[in-house]
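In: can you look at this prediction? I've put the sequence above it.
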Amino acid sequence: MQQQPSVIIIGAGVAGLAAAIRLAVAGYPVQVFEQNSYPGGKVSYFELNGYYFDAGPSLFTQPANIEALFELAGEPIDEYFQYRSLPIACRYFYEDGTRLVAYTNNSRFAEEAGQQLGEPADNIARYLRDSAHLYNKVGTLFLNFSLHKPAILFQKKIFTAVTAIRWRHLFKSLHQLNKHYFRQNKTAQLFNRYATYNGSNPYQAPGILSVIPHLEMNEGTFYPEGGMIAITNALYRLALKKGVQFHFNAPVEGIIHEHKRVRGIYSKGIPFTSNLVVSNVDTYFTYKYLLKDENAAEKINRQERSSSALIFYWGIAKTFPELDLHNIFFSSNYAAEFAAIFQEKKLYADPTIYINITAKCEPGIQAPEEKENWFVMINVPAATAGADMVAMQQQAKAAIIQKLNRLLQTDIAPLIEVEAILDPVQIETKTGSYKGALYGTSSNSKWAAFLRHPNFSKTIKGLYFVGGSVHPGGGIPLCLQSAKIMSGLAIPYIQQLQKRSRWA
């Protein structure tokens, strides 16, 4: 009786979970090795004195990516996962006191931008229409196929994708493109911030990133019931239902390979054989520690890291009606802020602040009654050697409180009942993200998409990659797409092994 190929996945982040589901549904036994005691990677949570916090990603878009996994598995998603659309994508606060509600209804949003910012509604409508066009012609190709296989040249969409790209998408920065579209600086700043969705600098990143607003503003913004951790819980339960075997508290020390073929892994010194290994670990760590390939690791290290984050989790003993699920308090000098992050590699004195409050969607559940759970995040540089994280935390907290006091006209500090902090070094330790960079490499060049690591190894057959450090990039939607791209490459490889009777 012939033995089926086994699959080993390193890391139980959302990309690892999605990869496990796809390969298990295809009929292959799958084992997942995770160094932490829980699944989800960055998409985890914790509780402090009745306050519940999503520890990592807080924006939920493109639920179709999750629905596709349940449809593929033949399981009813409603029994695992529920979500609802939101009428408001975000509330924006500017230093001069201007406030803007970004409604998910585009007509209403354009009207609001006209009233609050003085931006002609036609400018908003044209931008979002062009963003949708760019996504449909280019984004769908980019998100569904490997850019590192010749087969992409034969896709039917390749011609329309090429013809949809304009000079401004590649040779102008996102900021320059936004200034071309919008009359008001505040509107340009609002759309500049979408570069942060993949940890990049809008004053360097190419204009093609104008495709990102489409996901949130045209397709919609959603809230998963129970918070973002509900995504992890749903995918984990689905993986278990499909027979995936999980090993927690099981760090992987090495990937076994010989004759340019993968042979398995070592976990806790014990070898586990497999002819197909999928790494959901940052590519830098995969090469440096699991493959012991210093040259490949150094090549990755030469690429600019994405930004990282400094997060304060605060239990706030008050409710703020003027706040919503997602809130942005803009820096008065956005260009200087990004120069500090990417060129000077330091904390900016007046950082843009993002606050996520899941208690707005589930009051009395995510936080005690008449209180709120604040996830307070600022963008900071990826960790550098010798950086003083304690000093950064203290400086950032003082700047954040001062800014919020001013813009909310409330003394915030006495309202903080509980606090936890996550800095770039801790992000690296807990999630395996090199230097705490949230999205692997930045997209601060027009060639960044092609320089991002492919979903397969070019030198070791049977070794594949998923997650935020590989194509197509970071963030939950793209991580889920990385698993789809990987499985499209890995399953044919397994089938070849079956025909040739070459399996572990």
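Out: Nice, I can see it. Since we're looking at a predicted model, the values are computed, not measured. Numbers count the residues shown, from 1 in each chain.

In: please make it C-alpha for all contacts and neighbour counts, starting now.
Out: Fine.

In: ramachandran angles for the nearest residue to residue 189 once chain neighbours are set aside?
Out: Among residues not flanking residue 189 along the chain, residue 334 sits closest, at 7.3 Å (C-alpha to C-alpha, 6 or more residues apart in numbering). Main-chain torsions, residue 334, degrees, to the nearest 10: phi -60, psi -40.

In: the one 5 residues further on too?
Out: With angles defined as degrees, to the nearest 10, residue 339 sits at phi -60, psi -40.

In: okay, it: pLDDT?
Out: Here, the pLDDT recorded for residue 339 equals 98.

In: separation between it and residue 197?
Out: 17 Å (C-alpha to C-alpha, to the nearest Å).

In: one step back: distance-wise, check the residue nearest to residue 189 relative to residue 200.
Out: 13 Å.

In: more neighbours: which of those two?
Out: Using other C-alpha atoms under 10 Å, the more surrounded residue of residue 334 and residue 200 is residue 200, with 28 against 20.

In: I'd like the mean pLDDT over the longest helix seen in the chain, please.
Out: Longest helix of the chain, by residue count under DSSP state H: helix 476-500. Regarding helix 476-500, the rounded mean pLDDT is 93.

In: helix or strand next in line after the worst-scoring helix or strand of the chain on mean pLDDT, which one?
Out: None of the helices or strands of the chain scores lower by mean pLDDT, DSSP states H and E than helix 158-164, at a mean of 55. Proceeding N to C from helix 158-164, the next assigned helix or strand is helix 167-171, under DSSP states H and E.

In: neighbouring contacts of that next one?
Out: 177, 206-210, 446 (C-alpha atoms under 8 Å, 6 or more residues apart in numbering).

In: and it, how far out from the chain middle?
Out: Here helix 167-171 is found 24 Å from its chain centre; the criterion is C-alpha atoms, centre = their mean, to the nearest Å.

In: what does the next helix or strand after that helix contact?
Out: Using DSSP H and E, the helix or strand that follows helix 167-171 in sequence is helix 174-181. Residues outside helix 174-181 that contact it (C-alpha under 8 Å, 6+ apart) are 123, 127, 168-169, 185, 188-189, 191-192, 195, 202-210.

In: next one: stretch 36-54 to chain centre, how far?
Out: How far stretch 36-54 lies from its chain's middle: 17 Å, per C-alpha atoms, centre = their mean.

In: tell me which residues of it are tucked away?
Out: Buried residues in stretch 36-54, counted by 16 or more other C-alpha atoms under 10 Å: 36, 38-45, 48, 51-54.

In: tell me which of the residues you listed fall in strands.
Out: If you go by DSSP state E, the buried residues of stretch 36-54 have 45, 48, 51-54 in strands.

In: what is the most widely separated pair among the residues you listed?
Out: 48 and 54 (11.6 Å; C-alpha to C-alpha).

In: quick one: residue 302 from residue 177, how far?
Out: For residue 302, the distance to residue 177 equals 28 Å [C-alpha to C-alpha].

In: and what of residue 130?
Out: 12 Å.

In: and if you look at residue 187?
Out: From residue 187 over to residue 177 (counting by C-alpha to C-alpha), the distance is 12 Å.

In: who's more crowded, these two?
Out: residue 177 (23 against 20).

In: report the rounded mean pLDDT for the helix or strand where residue 90 lies.
Out: Assigned by DSSP H and E, residue 90 falls within strand 88-93. Averaged across strand 88-93, pLDDT comes to 98.

In: who does the helix or strand that that strand is followed by pair up with?
Out: Counting by DSSP H and E, the element after strand 88-93 in chain order, helix or strand, is strand 99-103. Note on strand 99-103: by DSSP bridges, its sheet partners are strand 88-93 (antiparallel).

In: any idea how far the strand it pairs with is from the middle of the chain?
Out: 20 Å.

In: what residues sit buried inside that strand?
Out: So, applying 16+ other C-alpha under 10 Å, buried residues of strand 88-93: 88-93.

In: contact partners of it?
Out: By C-alpha under 8 Å, 6+ apart, strand 88-93 touches 99-104, 216-217, 220-221, 323-330, 407.

In: returning to that earlier point: let me know the closest of the ones in strands among the buried residues of stretch 36-54 to residue 437.
Out: For these, the nearest to residue 437 is residue 54 (18.3 Å; C-alpha to C-alpha).

In: touching, the closest one and residue 41? I think so.
Out: No. With contacts counted by C-alpha atoms under 8 Å, residue 54 stays clear of residue 41, the gap being 11.6 Å.

In: between those two, which contacts overlap?
Out: Counting by C-alpha under 8 Å, 6+ apart, nothing touches both residue 54 and residue 41.

In: now do the strands in the stretch 101-250 of the chain.
Out: Along the stretch 101-250 of the chain, the segments classed as strands by DSSP state E, counting those that start in this stretch run 222-224, 245-247.

In: how about those strands, which one is nearest residue 344?
Out: strand 222-224 (35.6 Å).

In: pull the distance from that closest one to the chain's centre.
Out: 15 Å.

In: could you say what helices and strands that strand packs with?
Out: If contacts are counted by 3 or more C-alpha pairs under 8 Å, 6 or more residues apart in numbering; DSSP states H and E, strand 222-224 sits against strand 83-85.

In: quick one: residue 422 and residue 310 touch, right?
Out: Yes. Under the criterion of C-alpha under 8 Å, residue 422 makes contact with residue 310 at 5.9 Å.

In: higher neighbour count, these two?
Out: Using other C-alpha under 10 Å, the more surrounded residue of residue 422 and residue 310 is residue 310, with 24 against 18.

In: and the more buried one, how far from residue 394?
Out: 11 Å.

In: in what helix or strand does residue 318 lie?
Out: Going by DSSP H and E, residue 318 is not in any helix or strand.

In: OK, contacts around the residue nearest to it when sequence neighbours are not counted?
Out: Counting by C-alpha to C-alpha, 6+ apart, the nearest residue to residue 318 once its immediate chain neighbours are dropped is residue 371, at 4.7 Å. The contact partners of residue 371, by C-alpha under 8 Å, 6+ apart, come to 315-319, 359, 364.

In: sec struct for residue 266, please.
Out: State at residue 266, reduced to three classes by DSSP: H, G, I helix; E, B strand; the rest coil: strand.

In: quick one: contacts for it?
Out: Going by C-alpha under 8 Å, 6+ apart, residue 266 touches 252-256, 272.

In: quick one: buried ones out of those?
Out: The neighbour-count test (16+ other C-alpha under 10 Å) applied to these identifies 252-256 as buried.

In: quick one: low-confidence residue ranges for the stretch 1-150 of the chain.
Out: Within the stretch 1-150 of the chain, the set of residues satisfying pLDDT under 70 comprises 1-5, 139, 141-143, 145-150.

In: try it again at 50.
Out: 1-3 (pLDDT under 50).

In: isn't residue 478 right next to residue 469, touching?
Out: No. Under the criterion of C-alpha under 8 Å, residue 478 is not in contact with residue 469, lying 10.4 Å apart.
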